[in-house]
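Peer 1: Structure for this input, please:
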Amino acid sequence: MKPIHIIGVPLDLGGARRGVDMGPSAVRIAGLGEQIAALGRAVADRGDLVTPIPETQHAVDPTKKYIHEIARVCQLLYDVASRALHDGAIPVVLGGDHSLAAGSVAASADFIHRTAQKPLGLIWVDAHGDMNTPQTSPSGNVHGMPLAALLGQEPTELASIGTLPSVLPEHTALIGIRNLDEKEKEKIRASGVRVFTMKDIDREGIAVVAERALDIASAGTGGIHVSFDLDACDPTYAPGVGTPVKGGLDYREAHMVMELVADSQRLIALDLVEVNPTLDLRNTTAEFAAELALSALGKRIL
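Peer 2: Numbering: from 1, shown residues only. Predicted coordinates:
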């Protein structure tokens, strides 16, 4: 089994509500490293990347706030995750806000292209599409833009990390979507990515949806990167997130996605983002995030 490298990214510049910078520590406190080791995997904690805080920075451009600072952190994450992949490990990236995926996914994409001469498959589990650009975002918060950047769009500061584009629409699947901005809807419809909304999950069941998403992300690719925003889950199970939306994945549905990812044996990297301990209840969301990571890494019920 591949070893696991835990990488903390306490990035708190991409969203409007503060507190996700404490997410990596909360997931560690939930016992992630020890529980991964109990699965029989070697695990190394690479610590936290150095990230600036809003109090010392200025959001110069209101259409993409703190973009230069976020891009520098994402480039640093790209470098650290690339080293982990080169060393034969699976990077497990703890956030921090979802803008960090511009670095982690780009690292996975370039690694797969270099070693397998194939594209990367991407499964994006989220309540939101994260496909806004500075032109469409009503808030200018960059955590709503990383997937657009990974697909080669804007913001260019994130899109230019690694090879452009990092992922192709035909290899990209979104799961759990239920809250999109109006202009973002138009961009998603035109993009060619496959979106599985909560309506699809309600109608067809999570197993069918997850298997279809895995088929999309596996077809012709060299591996799969899973980027999991905890706000994909219903606030009943994940209250500690910055942008909670009712009607999300329940406890077993979220685990089913990750268990099927493990069954596929195609996972090369995992993000767990947007854990906000300041909004949490007794570290419930961080513990849930740790449990989901274990399911993705092969923990079985029987």
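Peer 1: what helix or strand is Glu259 on?
Peer 2: Here Glu259 sits within helix 251-264, counting by DSSP states H and E.
Peer 1: after that helix, next one along is what?
Peer 2: Tracing the chain C-terminally past helix 251-264 and defining elements by DSSP H and E, one meets strand 267-273 next.
Peer 1: what is the rounded mean pLDDT of that next one?
Peer 2: Regarding strand 267-273, the rounded mean pLDDT is 98.
Peer 1: Identify the residues contacting that strand?
Peer 2: 20, 23, 27, 81, 85, 90-98, 100-101, 104-105, 107-108, 111-112, 120, 222-230, 261, 289, 292-293, 296-297 (C-beta atoms under 8 Å, 6 or more residues apart in numbering). Glycine gets a C-beta too; all of them are placed from N, C-alpha and C.
Peer 1: next SSE after the helix-or-strand element of the chain with minimal mean pLDDT?
Peer 2: Using mean pLDDT, DSSP states H and E, the weakest-scoring helix or strand in the chain turns out to be helix 182-191, at a mean of 94. Remark: after helix 182-191, the chain's next helix or strand is strand 194-197, criterion DSSP H and E.
Peer 1: Tell me which strands that following strand pairs with, and in which orientation.
Peer 2: Paired strands of strand 194-197, with direction, are strand 172-177 (parallel) (DSSP bridges).
Peer 1: angle of the partner strand against helix 182-191?
Peer 2: 140 degrees (axes from the mean of the first three to the mean of the last three C-alpha atoms, to 10 degrees).
Peer 1: what sits up against strand 172-177?
Peer 2: Contacts of strand 172-177 (C-beta under 8 Å, 6+ apart): 121-129, 147, 151, 193-198, 201, 209-210, 212-214, 216-217, 232-233, 248-249, 257.
Peer 1: Among those residues, name the ones in strands.
Peer 2: Those of these mapping onto strands are Gly121, Leu122, Ile123, Trp124, Val125, Arg194, Val195, Phe196, Thr197, per DSSP state E.
Peer 1: Between which two of these is the distance greatest?
Peer 2: Greatest spacing in these, by C-beta to C-beta: Gly121 and Thr197 (19.8 Å).
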